[in-house]
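> sequence first, predicted coordinates after that:
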Amino acid sequence: MTRRELAAARITDPALRAAYARCRQLNARHGRTYFLATRLLPVERRTAVHALYGFARWADDIVDDLDRRLTPAERDRLLLELEGDLARGLRTGGGEEPVVRAVADTAERYAIDPALFCDFLVSMRSDLSVTDYPTYAELRTYMHGSAAVIGLQMLPVLGTVVPREEAAPHAAALGVAFQLTNFLRDVGEDLDRGRVYLPAD
């Protein structure tokens, strides 16, 4: 199936094909229901969705460090390295990490605003030090980078029947709705990590 998706998306470079395949593996392993949902998309768009998921998963795994092998300083360093790799990748179309190569290519193919990736990484970085949110307004600021931008990244990939700028607020709101649902589902898991995403007010 991977070859069919890559061919439909006109991805021919072997290194880039391998990078997209890596993102697809991450999606299949970690986002099972999300991965199954991608099977409903037109075949030529699936690789882009895998790339966006793969990059977000990679950053999230650095921050969460589920094996608890890394110190906060080491996680911060890895996130900084990822940010630098992404900045270079978005400029040049390359990247050290396969997930960066794939997402940089996707960003170029679909004209995704690079600022959306920067905003995402700002929220990821805040997870290294922020453990709770006193107000819903503060949580919304976090969710802009952790969720609204995901909806905005997906928008050009999925396509719209209206101009992109008209659809954008709805795509962002959908990303936030998914995030809030995840917060409610994962209260116990987040507590185990020392985080509370339900605003204190």
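That came in fine, so what should we check first?

> may I see the buried residues of the one helix or strand residue 33 maps to?
Taking DSSP states H and E as the criterion, residue 33 maps to helix 32-38. Of the residues in helix 32-38, 35, 38 count as buried by neighbour count, 16 or more other CB atoms under 10 Å. For every residue, glycine as well, the C-beta is placed using N, CA and C.

> what distance separates the next helix or strand after it from the centre of its chain?
Downstream of helix 32-38, the first helix or strand assigned by DSSP H and E is helix 43-64. On the basis of CA atoms, centre = their mean, to the nearest Å, helix 43-64 sits 5 Å off its chain's mean C-alpha point.

> can you name every helix or strand that helix 43-64 contacts?
When contacts are defined as 3 or more CB pairs under 8 Å, 6 or more residues apart in numbering; DSSP states H and E, helix 43-64 packs onto helix 2-8, helix 14-30, helix 32-38, helix 72-92, helix 98-109, helix 114-126, helix 149-158.

> one more pass at 6 Å, please.
Under the contact definition 3 or more CB pairs under 6 Å, 6 or more residues apart in numbering; DSSP states H and E, helix 43-64 sits against helix 2-8, helix 14-30, helix 72-92, helix 98-109, helix 149-158.

> lowest-confidence helix or strand of the protein?
helix 32-38 (a mean of 87; mean pLDDT, DSSP states H and E).

> now do the buried residues in stretch 37-54.
In stretch 37-54, counting by 16+ other CB under 10 Å, buried: 38, 45-54.

> which strand or helix spans residue 198?
Going by DSSP H and E, residue 198 is not in any helix or strand.

> give me the neighbour count for it.
For residue 198, the neighbour count with other CB atoms under 10 Å is 14.
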